[in-house]
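Undergrad: Structure for this input, please:
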Amino acid sequence: MVRVLGGYQTDFARNWTREGKHLVAPMKEAIQEGLRIVQLEPQDIGTIHVGNFGAELYAMQGHLGSLAIEADPRFRGKPTGRHEAACASGSIAMLAGLSDIEAGHYQTAMVLGVEQMKTVNSVQGGDYLGTASWYEREAKGKDYPFPRLFGKIGAEYVRRYDMAKSTYEQYQAYLSDLMYRNARKNPKAQTRDWAMNEKHALTEDKFNLRISEEIKLSDCSQVTDGAAVVFLASEEYAREYARKHNIDLNTIPHILGWGHTTAPMMLADKVAESLNYDRPLPHSREAVKQAYNRAGIEGPEQLDVYEFHDCFTTTAYASVDVIGLTRPGENYKAIEGGWLEMDGKLPINPSGGLIGGGHPVGATGIRQMLDVYKQTTEKADDYQVAIKNRKALMVNIGGSGTTNCAFVVGFPESTTTKAKTRR
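TA: Prediction:
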C-alpha cells in the first residue's frame with residue numbers, strides 16, 4: 001500500500017491576483033512549505049503530478065507540470081505532468097501518483113493541486129466553470145450554469161422522495177451553517193471570519209441572492225485562489241523515512257482504498273440513468289463502494305469522519321446516502337439526528353469543506369486528502385474530531401457528478417488494534 005507522508009495548503013482566504021502574483025506563486029509556497037513540514041528535499045521526490053482545471057482560462061497559462069519545478073532548481077530533470085478532470089483534477093493527479101508508486105516506477109510522488117480563480121469577475125468565472133459541463137448544451141449563454149445544474153440534484157431529491165420544498169430548504173440552510181461553523185475552527189479556511197448562520201441562509205435578500213430555483217449564495221462553495229500538496233511514498237520508502245526521522249511507522253497512514261467512476265457528461269442524462277438505481281447519484285455511490293471494497297471495510301460505520309465535495313448544499317445533502325450512512329432518501333435522519341456535527345456519529349467536513357473552507361477547483365482533491373491525513377493522524381488541531389477507527393473517507397467530484405473519486409485513508413485493522421492497545 002501507498003503511504004501519505006503529509007503536506008501543506010496555502011491560506012484559501014488569500015487573493016493572489018490582488019497581491020499581484022502569478023499562478024506559480026501559490027504553487028511555490030505549497031511545495032516549499034510542504035517539503036519543510038514533511039522534512040523532504042527535492043531530490044527525495046521521484047515524480048510530480050499537478051492537478052488543475054482552468055489555468056488556460058483564468059491565468060492564460062498551460063503546461064503546469066513544468067511550472068512545478070520553479071519551486072526549487074533541484075527539481076530540474078524530474079518527470080512532471082498536469083491532469084484535468086474539472087473539480088476532480090486533484091484526485092486524478094493523485095491516482096496518477098498512486099499508480100506510479102504501486103507500479104514500482106518511483107518510490108515517492110509529489111502531488112500538487114492549484115487554481116487561481118479571482119482573475120475575472122463572477123459572471124466570467126461562472127462561464128469558465130461551465131466548461132466542466134457540456135458547454136454548448138448546458139452552459140453557453142447562461143449565467144452561473146453550475147448552481148442551476150446542481151440545484152436540479154436537489155430538485156430530484158424533493159421529487160423522488162416526496163419532500164416538501166420548504167423542508168429541503170431547511171436542510172440546505174442547516175448544512176450551509178454547519179460548513180461555516182466548522183470553517184471558523186480552521187485557520188486556512190476562506191470563510192473563517194465571515195458572518196453566516198442558519199437564519200441568514202434561509203433569508204433571501206441582496207446579501208443572499210437566489211441564483212436558481214433551488215440555490216442561493218449561501219448554498220454555494222467559494223471562488224478561491226490556492227494550492228495544496230501531499231507527498232506519497234511506497235512502503236519501502238516510508239519505512240526508511242520513519243527510521244531516518246525517528247517516527248513510528250504505524251503513525252504514517254495508508255491510502256487503504258480508492259474508487260473512480262465516470263458518469264454521462266450532461267446532467268439530464270445522469271438524472272434519467274439514475275432512475276434505474278436506488279439513489280440520484282449512483283456513479284458517486286459506486287466510487288465510494290469501490291473504495292470501501294479495496295480498503296476491506298463494510299461501510300461508514302468503520303470510519304471516523306468524511307470530507308465530501310460540497311460544491312453546493314445539494315451535494316452535501318446527497319453525501320449522506322452516497323456514502324451509505326442512511327438508506328436512499330433517508331438523508332434527513334442524519335441532519336435531524338445531529339450525526340454530521342463535529343461530535344456526531346460521522347462528522348462531515350470538519351475543515352469547512354468547499355462551502356466554508358474554499359474551492360480552488362484543481363486543489364480541492366489534494367486539500368481533502370491533506371485533511372483526512374490530518375484527521376487520521378490527529379493533527380487537525382482545533383477542528384480535530386474524535387478518532388476511534390483511524391480511518392477517513394474523502395469524495396471528490398468533477399462536473400455535475402461526472403468524474404467521481406473516493407479514497408479511504410488511515411490504518412489497517414492490525415495497526416489500529418495496536419494503537420488502541422498502546423492507549
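Undergrad: how about residue 230, secondary structure?
TA: strand (DSSP: H, G, I helix; E, B strand; the rest coil).
Undergrad: Now do the contacts for it.
TA: 4, 5, 6, 7, 34, 94, 110, 111, 366, 369, 370, 373 (C-beta atoms under 8 Å, 6 or more residues apart in numbering). Where you see a C-beta, it was placed from the backbone N, CA and C, and this is true even at glycine.
Undergrad: pLDDT at it, what is it?
TA: On pLDDT, residue 230 comes in at 99.
Undergrad: again with residue 144
TA: Reading off the model, residue 144 has pLDDT 89.
Undergrad: do you know how far it is from residue 244?
TA: Using C-beta to C-beta, to the nearest Å, residue 144 is found at 50 Å from residue 244.
Undergrad: With residue 270 instead?
TA: Counting by C-beta to C-beta, the gap from residue 270 to residue 244 is 48 Å.
Undergrad: The two - which one has more neighbours?
TA: residue 270 (24 against 9; other C-beta atoms under 10 Å).
Undergrad: Name the residues of the one helix or strand the more buried one maps to that are buried.
TA: Secondary structure from DSSP states H and E places residue 270 in helix 267-274. Neighbour counts using 16 or more other C-beta atoms under 10 Å place 267, 270, 271, 274 of helix 267-274 among the buried residues.
Undergrad: which of those sit farthest apart?
TA: The span of those, defined through C-beta to C-beta, is set by 267 and 274 at 10.2 Å.
Undergrad: SS state for residue 150?
TA: helix.
Undergrad: Need phi/psi at the closest residue to it other than its chain neighbours.
TA: The spatially closest residue to residue 150, leaving aside those adjacent along the chain, is residue 312, at 4.3 Å (C-beta to C-beta, 6 or more residues apart in numbering). Residue 312 adopts backbone torsions of phi -140, psi 160, taken as degrees, to the nearest 10.
Undergrad: Same check on residue 406?
TA: Torsion angles at residue 406 (phi, psi; degrees, to the nearest 10) stand at phi -140, psi 140.
Undergrad: Please tell me I have it right and it contacts residue 281.
TA: No - at 11.9 Å, residue 406 does not count as touching residue 281 under the criterion of C-beta atoms under 8 Å.
Undergrad: related to what we said a few turns ago, Provide a ChimeraX selection command restricted to the buried entries of the contacts of residue 230.
TA: Of the contacts of residue 230, the buried ones can be selected in ChimeraX as follows, counting by 16+ other C-beta under 10 Å:
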select :4,5,6,7,34,94,110,111,366,369,370,373
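Undergrad: mind listing which of the contacts of residue 230 are in helices?
TA: Assigned to helices by DSSP state H, the following of the contacts of residue 230 qualify: 34, 94, 366, 369, 370, 373.
Undergrad: With adjacent residues omitted, what lies nearest to the fifth one?
TA: In space, residue 370 comes closest to residue 7 once its chain neighbours are excluded; the distance is 4.5 Å by C-beta to C-beta, 6+ apart.
Undergrad: Between residue 406 and residue 281, tell me which one has more neighbours.
TA: residue 406 (31 against 27).
Undergrad: what about that one, distance to residue 302?
TA: Applying C-beta to C-beta to residue 406 and residue 302 gives a distance of 14 Å.
Undergrad: and the closest residue to residue 9 other than its chain neighbours, what does it touch?
TA: Spatially, and ignoring its direct neighbours in sequence, residue 9 is nearest to residue 228 (3.9 Å; C-beta to C-beta, 6+ apart). Residue 228 makes contacts with 7-10, 30, 90, 112-114, 360, 363, 366-367, 370, as judged by C-beta under 8 Å, 6+ apart.
Undergrad: now, which of those residues sits nearest residue 402?
TA: Relative to residue 402, the closest of the contacts of residue 228 is residue 90; by C-beta to C-beta it sits at 15.2 Å.
Undergrad: Return the alpha-carbon coordinates of stretch 37-55 using PDB.
TA: Extracted C-alpha coordinates of stretch 37-55, given in PDB (Å, rounded to 0.1, in the frame of the first residue of the first chain):
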ATOM      1  CA  ILE A  37       7.000  20.300   7.100                       C
ATOM      2  CA  VAL A  38       7.400  16.800   5.800                       C
ATOM      3  CA  GLN A  39      11.200  17.000   6.000                       C
ATOM      4  CA  LEU A  40      11.900  16.100   2.500                       C
ATOM      5  CA  GLU A  41      14.300  17.500  -0.100                       C
ATOM      6  CA  PRO A  42      13.600  18.000  -3.800                       C
ATOM      7  CA  GLN A  43      16.000  15.100  -4.600                       C
ATOM      8  CA  ASP A  44      13.800  12.800  -2.500                       C
ATOM      9  CA  ILE A  45      10.900  13.200  -5.000                       C
ATOM     10  CA  GLY A  46      10.600  10.700  -7.700                       C
ATOM     11  CA  THR A  47       7.800  12.100  -9.800                       C
ATOM     12  CA  ILE A  48       5.500  15.200  -9.800                       C
ATOM     13  CA  HIS A  49       1.800  15.300 -10.700                       C
ATOM     14  CA  VAL A  50      -0.200  18.600 -10.900                       C
ATOM     15  CA  GLY A  51      -4.000  18.800 -10.800                       C
ATOM     16  CA  ASN A  52      -5.500  21.900 -12.400                       C
ATOM     17  CA  PHE A  53      -8.800  22.700 -14.100                       C
ATOM     18  CA  GLY A  54      -8.700  26.000 -15.900                       C
ATOM     19  CA  ALA A  55      -5.400  27.800 -15.800                       C
END
